[in-house]
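Q: Predicted structure and sequence below. I'll ask about it afterward.
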Amino acid sequence: MCGSETLSVEEAQAVRSVWQELDLPGLIDVHTHFMPKPVMDKVWAYFDSVGPLVGREWPITYRADEDQRIETLREFGVRAFTSMIYPHKPDMGAWLNSWSAEFSARTPDCLHTATFYPEESAPQYVADAIESGAAVFKSHIQVGDYSPVDPLLDDVWGTISDAATPVVIHCGSGPAPGTYTGPEPIARLLQRFPRLPLIIAHMGMPEYDDFLELAGKYGNVHLDTTMAFTAFAEEGAPFPQGSKQKLIDLGDRILWGSDFPNIPYTYTSALTAVDGLGLGDDWVRGVLHHNAARLFGIETPEHVA
């Protein structure tokens, strides 16, 4: 996992110290991956092979079995997390949703996660997922290689918008551009569905400013911090220093996300990267816990700052 049992204990203590010093009850991580084992194995194999969308060494820091990964998050003090699933071809979405529903049922601290793909069956299985209690969806424009304004998704977006169910959407052009990535397709999507509760994954990396502007225009758009601000990301897609004021202005709509377990560095280093932006303790409290608690209706103890 982190190299040794001792190191894992040390890291758990380091992670806990971050939120404890902020007088938080723990963390809420809106961007973690739990998938059927055959799918996760293929994802890890892709990273191991330095696939074309990666283009650099990407060791999986938290490569462990499912139970151990869940326990790691709990040791870190993560109060709620997600099972970000995503299809890369037709006829996967409903199957992934079925697996994720079962996973969340046996893992009460995991927000019930669902997904979709542009296909004729999508409106029905998305409606079914919402009916069964899905709290968040995942859309991966890059891996799925589909347009967010594909007509096959019209009813999907309408249903999700009406239900006000957040969608974590990977739509930025990092780590490599896709056919439909970038801010322009999302701008068109929001023009059609202005109340759509999107969570822009990875802060929209590398088109940070464009996605921050969209969040400024549409009140239901959030952004997650997944991989952003870390030394790993800053090498190829540095966050513009002149845009920190936008982070402050949108402070109530920035959410903590980690990409656990598929990160090539420690969870602690990603946390400290966010904490080290120098935007103030209240801002960090919102990002690490309060904003997501409000969005997903997760109760915060009264004594918490």
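A: Cool, got the structure. Numbers count the residues shown, from 1 in each chain.

Q: quick one, strands of the stretch 51-200 of the chain?
A: Per DSSP state E, counting those that start in this stretch, the stretch 51-200 of the chain carries strands over the ranges 78-82, 110-111, 113-115, 136-140, 167-170, 198-200.

Q: TSV please, covering those and showing mean pLDDT and mean neighbour count.
A: Glycine gets a C-beta too; all of them are placed from N, C-alpha and C. Below are the strands of the stretch 51-200 of the chain laid out as TSV (pLDDT from 0 to 100; neighbours: other Cβ atoms under 10 Å):
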stretch	mean pLDDT	mean neighbour count
strand 78-82	98	24
strand 110-111	98	22
strand 113-115	98	28
strand 136-140	98	24
strand 167-170	98	24
strand 198-200	98	28
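
Q: and those as JSON lines, adding distance to W256?
A: Shown next, in JSON lines, are the strands of the stretch 51-200 of the chain (distance: least, Cβ to Cβ, whole Å):
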{"stretch": "strand 78-82", "distance to W256": "9"}
{"stretch": "strand 110-111", "distance to W256": "13"}
{"stretch": "strand 113-115", "distance to W256": "16"}
{"stretch": "strand 136-140", "distance to W256": "14"}
{"stretch": "strand 167-170", "distance to W256": "12"}
{"stretch": "strand 198-200", "distance to W256": "11"}
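
Q: To V221, which of these lies closest?
A: strand 198-200 (5.0 Å; Cβ to Cβ).

Q: what's the following helix or strand after the closest one?
A: helix 208-217 (DSSP states H and E).

Q: in that following helix, what counts as buried?
A: Using 16 or more other Cβ atoms under 10 Å as the test for burial, helix 208-217 gives 208, 210-215.

Q: ditto for stretch 50-63
A: For stretch 50-63, by 16+ other Cβ under 10 Å, it's 58, 60-62.

Q: Please state the offset of that stretch from the chain centre?
A: Chain-centre distance of stretch 50-63: 18 Å, with Cα atoms, centre = their mean, to the nearest Å.

Q: And the contacts of it?
A: 1-2, 44, 46-48, 69, 72, 142-143, 175-176, 260-267 (Cβ atoms under 8 Å, 6 or more residues apart in numbering).

Q: now do stretch 282-293
A: So stretch 282-293 is contacted by 18-19, 22-28, 30, 79-80, 222, 225, 247-248, 251-256, 271, 274-275, 298-300, 304-305 (Cβ under 8 Å, 6+ apart).

Q: ok, now stretch 120-129?
A: Residues contacting stretch 120-129 (Cβ under 8 Å, 6+ apart): 93-94, 97, 101, 114, 116, 137, 152-153, 155-156, 159-160.

Q: can you do 6 Å?
A: 94, 97, 114, 116, 155-156, 159 (Cβ atoms under 6 Å, 6 or more residues apart in numbering).

Q: ditto for stretch 228-246
A: 174, 202-203, 205-206, 208-209, 212, 227, 264-265, 270, 273-274.

Q: now for that stretch, what's the gap between its first and last residues?
A: Taking Cα to Cα, to the nearest Å, stretch 228-246 runs 15 Å from one end to the other.

Q: can you pull out the helices in the protein?
A: In the chain, the helices defined using DSSP state H lie at 5-21, 37-48, 66-76, 93-106, 122-131, 141-144, 154-163, 183-192, 208-217, 231-236, 244-249, 267-275, 281-285, 291-296.

Q: hang on, the earlier thing: any chance of a ChimeraX selection covering the buried ones in the contacts of stretch 228-246?
A: Command for ChimeraX, covering only those of the contacts of stretch 228-246 found buried under the criterion 16+ other Cβ under 10 Å:
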select :174,202,203,205,206,208,212,227,264,270,273,274
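
Q: Kindly indicate which of the contacts of stretch 228-246 lies nearest C110.
A: Of those, the one sitting nearest to C110 (Cβ to Cβ) turns out to be A270, at 19.5 Å.

Q: what pLDDT does H303 get?
A: As summarised for this prediction, H303 has a pLDDT of 68.

Q: and what of G51?
A: G51 is assigned a predicted lDDT (pLDDT) of 74.

Q: now it: how far from K42?
A: For G51, the distance to K42 (Cβ to Cβ, to the nearest Å) stands at 11 Å.

Q: Count the residues that sit near the closest residue to A273 other than its chain neighbours.
A: Sequence neighbours aside, F229 is the residue nearest to A273 in space, at 4.2 Å (criterion: Cβ to Cβ, 6 or more residues apart in numbering). Neighbouring residues of F229 were enumerated by other Cβ atoms under 10 Å; the total is 20.

Q: Done for today, thanks.
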